[in-house]
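Asker: Just the structure for this:
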Amino acid sequence: MTDLAFTRTAAERLPAAEREAILRDPGFGNHFTDHMISIVWTVDAGWHDAEVVPYGPIAMDPASSVLHYGQEIFEGLKAYRRPDGSIVTFRPEANARRLNESAHRLALPELPEELFVRAIRELVTVDADWVPNGQDQSLYLRPFMIADESFLGVRAAERARFLVIASPAGPYFAGGVRPVSIWLSEGLARAGRGGTGAAKCGGNYAASLLPQRIAAANDCQQVLFTDSATVDTIDELGGMNLFLVRADGTLLTPQLNGNILDGVTRRSLIQLARDRGHAVEERDLTVTEWRAGVADGSITEAFACGTAAVITPIRRLAGEGFEIDFGDGAPGALTMSLREELTGIQGGIREDRHGWLEVLVGAEAAA
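Answerer: Residues are numbered from 1 along each chain as shown. The predicted structure is shown next:
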């Protein structure tokens, strides 16, 4: 398995001048590189047919399992161009492990971690010209796995496909980091105990879209989900983990209880905070505790974290019949300090003390 060879079919969908114009202002998720990765799995042959192919539509039978039963999972990570021209990614082995944890929960085949990283490297190498070099820019990588067996019976599919696509991404916060307002979803849950909350699968995100629409109608940019049994114990935001900061510098974050995603950014921030000597408590948190802490001044900052935005400061929590504001509405000092440190490591301007960066393309090859 570790020596599975990739075949490569080269293509250039766009002229260089058009690509460069896109990279000056790529936005997020709007444009895609010239190639993609495809690897097939069957119950009899395992993983095979590893290919780098031109980006484009994929042929799929209308009876494919993913279209009917949602048997699919995905990941998200980024590639960064460092000042010396080399291209790196951040903790890909953590994404590979999480993909396999999601695969287990969705009855999909596990992909060897080494093959996951090799697939990322193959795509970034062939599409290196698509990696931006502007401040806070990156190449967003989307690995995903779908069950594409043509069969309408309800069982684990016996054929699947792993794919990777890539999209250049600009700064998440155009014009600077801005705190957001979040809406407490009390009647609509993202996940429940024993469900798929800890898996990165499309159904969890689809379930968050209606609450997100309700949040927008209430002038909020994100949704806060709670445990469906208590409607008070905090889970996470629609696609991000949550942290609260006490006045004494202690960080609080919901524990991994099967309802929430084991975020790579979350895990990294916990390590960086502890490196600085901050206490970090991973435990059950409640909306009641949060509101009381803001009222008495013991909780002074809040932020969400994830791959896309890294850290998103929170300035306001609202729900049916209440709202609370934090300080003067500016991002918290510890929030921004942690964000600066993590983005500095990812961009190659801060020391990578934990060996989190994986070189995908060396400086000479990327030149």
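Asker: Look up how far residue 211 lies from residue 33.
Answerer: According to CB to CB, to the nearest Å, residue 33 stands 32 Å off from residue 211. C-beta here means a position set from N, CA and C on the backbone, and glycine is covered the same way.
Asker: same thing with residue 126?
Answerer: Distance from residue 126 to residue 211, by CB to CB: 39 Å.
Asker: cool, residue 70 as well?
Answerer: Counting by CB to CB - residue 70 and residue 211 are separated by 19 Å.
Asker: Report how many residues lie close to residue 297.
Answerer: 9 (other CB atoms under 10 Å).
Asker: Which helix or which strand is home to residue 311?
Answerer: Secondary structure assignment for residue 311, by DSSP states H and E: strand 310-319.
Asker: Tell me the helices and strands packed up against that strand.
Answerer: Applying 3 or more CB pairs under 8 Å, 6 or more residues apart in numbering; DSSP states H and E, one finds that strand 310-319 contacts strand 180-185, strand 222-226, helix 264-275, helix 287-296, strand 299-306, strand 322-325, helix 333-347.
Asker: try 7 Å this time
Answerer: Packing contacts for strand 310-319, counted by 3 or more CB pairs under 7 Å, 6 or more residues apart in numbering; DSSP states H and E, involve strand 180-185, strand 299-306, strand 322-325, helix 333-347.
Asker: Listing partners with orientation, what would you give for that strand?
Answerer: Here strand 310-319 has these sheet partners by DSSP bridges: strand 180-185 (parallel), strand 299-306 (antiparallel), strand 322-325 (antiparallel).
Asker: between the ones you listed, which gets nearest to residue 77?
Answerer: strand 299-306 (11.1 Å; CB to CB).
Asker: residues of the closest one that come out buried?
Answerer: 299, 300, 301, 302, 303, 304, 305, 306 (16 or more other CB atoms under 10 Å).
Asker: how much space between the second one and residue 244?
Answerer: Read that as residue 300. Residue 300 is 9 Å from residue 244, by CB to CB.
Asker: ok, the closest residue to residue 280 other than its chain neighbours - contacts?
Answerer: Nearest residue to residue 280, sequence neighbours excluded (CB to CB, 6 or more residues apart in numbering): residue 251, at 4.6 Å. Contacts for residue 251 (CB atoms under 7 Å, 6 or more residues apart in numbering) come out as 243, 245, 273, 278, 280.
Asker: Just the buried subset of these, please.
Answerer: Buried among the contacts of residue 251 by 16+ other CB under 10 Å: 243, 245, 273, 278.
Asker: hmm, what's the outermost residue in the protein?
Answerer: residue 296 (33.6 Å; CA atoms, centre = their mean).
Asker: how much space between that one and residue 289?
Answerer: Taken as CB to CB, the span from residue 296 to residue 289 is 11 Å.
Asker: before we move on, the earlier item: okay, the strand holding residue 311 in CSV with CA atoms only?
Answerer: Only the C-alpha atoms of strand 310-319 are listed here, as CSV (Å, rounded to 0.1, in the frame of the first residue of the first chain):
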residue,chain,number,x,y,z
VAL,A,310,-7.9,30.2,12.4
ILE,A,311,-9.3,32.3,15.3
THR,A,312,-12.5,34.3,15.2
PRO,A,313,-13.1,36.7,18.1
ILE,A,314,-16.6,36.8,19.5
ARG,A,315,-18.0,40.1,20.7
ARG,A,316,-21.7,39.3,21.3
LEU,A,317,-23.9,36.3,22.2
ALA,A,318,-27.6,36.6,21.5
GLY,A,319,-30.6,34.3,21.8
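Asker: State the phi and psi torsions of residue 68.
Answerer: Main-chain torsions, residue 68, degrees, to the nearest 10: phi -110, psi -40.
Asker: Could you check how many residues crowd around it?
Answerer: 13.
Asker: can you check the one 5 residues further on too?
Answerer: With neighbours defined by other CB under 10 Å, the count for residue 73 comes to 27.
Asker: What of residue 49?
Answerer: Residues lying near residue 49 (other CB under 10 Å) number 14.
Asker: Does it touch residue 41 like I think?
Answerer: No - contact criterion CB atoms under 7 Å: residue 49 and residue 41 do not qualify, at 9.2 Å.
Asker: just the helices in this structure please.
Answerer: 16-24, 65-69, 92-105, 113-126, 202-207, 209-217, 264-275, 287-296, 333-347, 363-366 (DSSP state H).
Asker: Below-threshold pLDDT in the stretch 251-367 of the chain: ranges please.
Answerer: 366-367 (pLDDT under 70).
Asker: now swap in the stretch 1-150 of the chain and tell me
Answerer: Scanning the stretch 1-150 of the chain for pLDDT under 70 picks out the ranges 1-2.
Asker: Strands along that one, start to end?
Answerer: 6-8, 35-42, 46-54, 72-74, 77-81, 87-90, 138-147 (DSSP state E, counting those that start in this stretch).
Asker: can I get these in a markdown table with distance to residue 29?
Answerer: Output for the strands of the stretch 1-150 of the chain, formatted as a markdown table (distance: least, CB to CB, whole Å):
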| stretch | distance to residue 29 |
| --- | --- |
| strand 6-8 | 25 |
| strand 35-42 | 15 |
| strand 46-54 | 19 |
| strand 72-74 | 13 |
| strand 77-81 | 13 |
| strand 87-90 | 18 |
| strand 138-147 | 7 |
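Asker: Distance from the chain centre to the strand holding residue 311, please.
Answerer: Mean-position distance between strand 310-319 and its chain equals 18 Å (CA atoms, centre = their mean, to the nearest Å).
Asker: Could you number the chain from 85 rather than 1 from now on?
Answerer: Shifting the count to begin at 85 puts that one at strand 394-403.
Asker: contacting residues around that strand?
Answerer: 261, 263-268, 270, 302, 304, 308, 324, 349, 374, 386-389, 407-410, 413, 415-416, 419, 422-423, 426-427.
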